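J.: quick one: sequence and predicted model below, then my questions.
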Amino acid sequence: MKNQKQQRLSQTTNHFDLLSEEIVFTILDFFGENPIDKKSFSLTCKSFYVIESKHRKNLRPLRQEPLSGILTRYPNITHLDLSLCPRVTDSSLTTISNLCESTLRSIDLSRSGAFSGSGLLRLAVNCRNLVEIDVSNATNLKDAGAAALAEAKNLEKLWMGRCKFVTDMGVGCIAVGCKNLKLISLKWCLGVGDFGVGLIAVKCKEIRSLDLSYLPITDKCLPSILKLQHLEDLVLEGCFGIDDDSLAALKHGCKSLKALDMSSCQNISHLGLSSLTSGTGGLQQLTLAYGSPVTLALADGLKKLSMLQSIKLDGCVVTCAGLKAIGNLCVSLKELSLSKCLGVTDEGLSSIVTKHRELRKLDITCCRKITDVSIAHITNSCTNLTSLRMESCTLVPREAFVLIGQRCPFLEELDLTDNEIDDEGLKSISRCPNLSVLKLGICLNITDEGLIHVGMGCPKLVELDLYRSVEITDSGVSAIACGCPDLEMVNIAYCKDITDSSLMSLSKCSRLNTFESRGCPLITSLGLAAIAVGCRQLAKLDIKKCHNVDDVGMLPLAHFSQNLRQINLSYSSVTDVGLLSLASISCLQSLTILHVKGLTPSGLAAALLACGGLTKVKLQASFKYLLPQPLFEYIEARGCVLQWRDKVFQAELDPKCWKLQLEDMVP
């Protein structure tokens, strides 16, 4: 019998050996983004293990310690994402530069700022094929580090957001050394001004995308920027030194510009925007959020932008005359965003949508004055909408939502948070077969009946938000889980009647990666165990105020949820034992444990030491005085940020009272 088993095993191995490396590479190309699939494939046999190692091009490790072994196993890595590593040191960059010398093309260090200029210099000098580097949030990086980046002579894309100690001198080095740059982001680099930006514009002739958000620049550098012949995307958000006179430079060029963002530019009015018309005729996307009032004069200044497809005016005060004038633009808008705009009325909004029938995306979040009149015009004119966001449009009656499903069958994203929609509206929306994102938070009129229709009609749903929709019970969630097997995100927070039955239904949705059930008092460890076993891709879990979840629920998580990165255990019944069991989850990075009565100082200390990958922990302030200071210093030295909260226990309000209080706070 033993010989027969060995013979069968040998035959199986021989079958795999018949597959060439190229064939196996082709098979691996069809795999999705789930890393578990490729890991399972590599464990099939030794030959697959070796071939998968050669095939892997992208890598996203959780910690820097095992980098040497990982990079030795995967010799052909071209993109290395270290954004999940809390502290990448110069030593790690040296290891990378030695092992990925000829292959590495892109590296992301955006949240790993423990390195210095010397580490970056080795990386830039050794890895000559590097074309993309992200050092955003390297708040300690200085001009010496920027000068090191300048040695990456083939660099095409560079992100330096929030490198606050880098000055014009450092940026000047980059401008001289990296002449092939096509994209550079200097957002919040407060030490960089006109001189540094001007050098980038003069030396880097190939720039396509330039982000100068919140820099202390003035009109001195704009002429040089606008001479860039290939510039397509320019972001000037929060540049308070730019005013109407500064934009006069736009009259003389930059015909290549396709996207312009001047959000929060308080010193720009319709007079400055009138400069857009002559020199930027090819502009397709214009963002003026939180800026000047949208008046007739401002809209008139946009009339000659014949290629305009997208306008974003979020947070602006708008007038009816201004909206009507935008409606009369001689273009066919594809995207319009009026989120949180004061002054949007039925008259103004209806005027726009009836003129721009090719709209694909419309955002009217918190436009609290519109009624069913606007909805009727939107659904009658813009039948090709793929995205409609209308959170907190509270004057729209429930009958109007039926029109959405009847007339807009191509919707893929629909945000109806805090609205009066009922089951008839959901029944109509279920006619949108391509719907993938549906947000129904604080919708107090919907019940299981409406969700059953959605489950039957929207099989492509991947994101469902039912936050505080308190009439929902297990039968509605079960219908969604049965009809929408590809669900990736579910929020049932504060749906007080939800029990373990819902979690058992959702456990069949194997792609679920984000699950929030805070404030569901009937959920127990039994339901959580079902999620852990069935949803192996679970990455974010919030069970705050699930008082019946205890250590019994933590054990299945520790065993099955090896992709878990973020968990909120506040107000649960977990003790030291349950918390310590989570140390077996190597991916765990963020932990929130407020008002957990079963937690002791010694148990907390043991858990913090055992969970070596933590990058952020929220703790009750009382523990700060019960644990030794050297422990905190050791934890923080590993790259973990400890956040202390002194929040007192708060009893949960009735959802309808809670909504009334929220409405009272909104002007």
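T.: Great, that's in hand.

J.: what's the neighbour count on Thr371?
T.: Using other Cβ atoms under 10 Å, Thr371 has 14 neighbouring residues. C-beta coordinates here come from the backbone N, C-alpha and C atoms, glycine included.

J.: mind checking how far the nearest residue to it once chain neighbours are set aside is from Gly405?
T.: In space, and not counting its chain neighbours, Thr371 is closest to Leu395: 5.0 Å by Cβ to Cβ, 6 or more residues apart in numbering. According to Cβ to Cβ, to the nearest Å, Leu395 and Gly405 sit 20 Å apart.

J.: equivalent analysis for His547, please.
T.: 38 Å.

J.: point to the helix or strand of this structure where mean pLDDT is at its lowest.
T.: helix 2-17 (a mean of 53; mean pLDDT, DSSP states H and E).

J.: need phi/psi at the residue nearest to Thr371.
T.: The phi and psi values for Leu395, taken as degrees, to the nearest 10, are phi -90, psi 0.

J.: repeat that for Thr592.
T.: The phi/psi pair for Thr592 (degrees, to the nearest 10) is phi -120, psi 120.

J.: so it makes contact with Gln620?
T.: No: at 10.4 Å, Thr592 does not count as touching Gln620 under the criterion of Cβ atoms under 8 Å.

J.: next, count neighbours for the nearest residue to Leu385 once chain neighbours are set aside.
T.: Distances taken as Cβ to Cβ, 6+ apart place Cys408 nearest to Leu385, at 4.8 Å, with adjacent residues excluded. The tally of other residues near Cys408 (other Cβ under 10 Å) stands at 23.

J.: contacts only, for Cys408.
T.: By Cβ atoms under 8 Å, 6 or more residues apart in numbering, Cys408 lies in contact with Thr379, Cys382, Thr383, Asn384, Leu385, Leu388, Cys432.

J.: ok, the closest residue to Ile480 other than its chain neighbours - contacts?
T.: Counting by Cβ to Cβ, 6+ apart, the nearest residue to Ile480 once its immediate chain neighbours are dropped is Gly455, at 4.6 Å. Each residue near Gly455 by Cβ under 8 Å, 6+ apart is listed here: Ala479, Ile480, Ala481, Cys482, Gly483, Cys484.

J.: helices - which of those residues land there?
T.: Ala479, Ile480, Ala481, Cys482, Gly483 (DSSP state H).

J.: show me the contacts for the third one.
T.: Contacts for Ala481 were tallied using Cβ under 8 Å, 6+ apart; they are Gly455, Leu487, Ser502, Ser505, Leu506, Lys508, Cys509.

J.: chain center to stretch 569-577, what's the gap?
T.: Taking Cα atoms, centre = their mean, to the nearest Å, the mean C-alpha location of stretch 569-577 is offset from the chain mean by 29 Å.

J.: so what touches that stretch?
T.: 543-551, 553-554, 579, 591-600, 602-604, 606-607, 649.

J.: then stretch 334-345?
T.: 285, 289, 294, 309-320, 323, 349, 352, 356, 358-367, 369-370, 389.

J.: swap in stretch 357-369?
T.: Taking Cβ under 8 Å, 6+ apart as the rule, stretch 357-369 contacts 314, 332-341, 343-346, 349, 353, 370, 374, 378, 381-395, 415, 666.

J.: what's the span of that stretch, first residue to last?
T.: 22 Å (Cα to Cα, to the nearest Å).

J.: which of the residues in it are buried?
T.: Leu359, Arg360, Lys361, Leu362, Asp363, Ile364, Thr365, Cys366, Cys367, Arg368, Lys369 (16 or more other Cβ atoms under 10 Å).

J.: out of those, who's nearest Gln566?
T.: Thr365 (25.8 Å; Cβ to Cβ).

J.: pretty sure that closest one is in a strand, no?
T.: No: using DSSP: H, G, I helix; E, B strand; the rest coil, the assignment for Thr365 is coil, not a strand.

J.: against Val353, how distant is it?
T.: In terms of Cβ to Cβ, Thr365 sits 16 Å off from Val353.

J.: go on, Trp644?
T.: 49 Å.

J.: what of Ala606?
T.: Taken as Cβ to Cβ, the span from Ala606 to Val353 is 60 Å.

J.: nearest to Leu302, of the contacts of Gly455?
T.: Cys484 (41.2 Å).

J.: hmm, Glu463 and the closest one touching each other?
T.: No: counting by Cβ under 8 Å, Cys484 stays clear of Glu463, with 9.9 Å between them.

J.: out of the two, name the residue with the larger neighbour count.
T.: Using other Cβ under 10 Å as the criterion, Cys484 and Glu463 rank with Cys484 on top: 24 against 17.

J.: nearest residue to that one other than its sequence neighbours?
T.: Using Cβ to Cβ, 6+ apart, the closest residue to Cys484 is Leu461 (4.0 Å).

J.: domains of the chain?
T.: The chain breaks down into these domains under the TED database: 21-55, 397-487.

J.: among those domains, show the one with the smallest mean pLDDT.
T.: Lowest mean pLDDT within the domains of the chain: domain 21-55, a mean of 70.

J.: thinking again about what came up before, pull out the buried residues from the ones in helices among the contacts of Gly455.
T.: Ala479, Ile480, Ala481, Gly483.

J.: between the residues you listed, which sits nearest Val197?
T.: Ile480 (50.4 Å).

J.: can you pull the contacts of that closest one?
T.: Leu451, Val454, Gly455, Leu461, Leu464, Leu487.

J.: in helices only, show me those.
T.: Reading helices off these with DSSP H, I get Leu451, Val454, Gly455.

J.: could you dump those into CSV and include distance to Ser83?
T.: Shown next, in CSV, are the ones in helices among the contacts of Ile480 (distance: Cβ to Cβ, whole Å):
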residue, distance to Ser83
Leu451, 36
Val454, 35
Gly455, 36
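
J.: nearest to Lys182 among those residues?
T.: Out of those, the member with the shortest distance to Lys182 (by Cβ to Cβ) is Val454, at 43.6 Å.

J.: quick check: the closest one touching Ile429?
T.: Yes: checked against Cβ under 8 Å, the pair Val454 and Ile429 is within contact range at 6.8 Å.

J.: between the two, which contacts overlap?
T.: By Cβ under 8 Å, 6+ apart, the residues touching both Val454 and Ile429 are Leu438.

J.: show me where the stretch 301-450 of the chain has its strands.
T.: 310-312, 335-337, 361-363, 387-389, 413-415, 437-439 (DSSP state E, counting those that start in this stretch).
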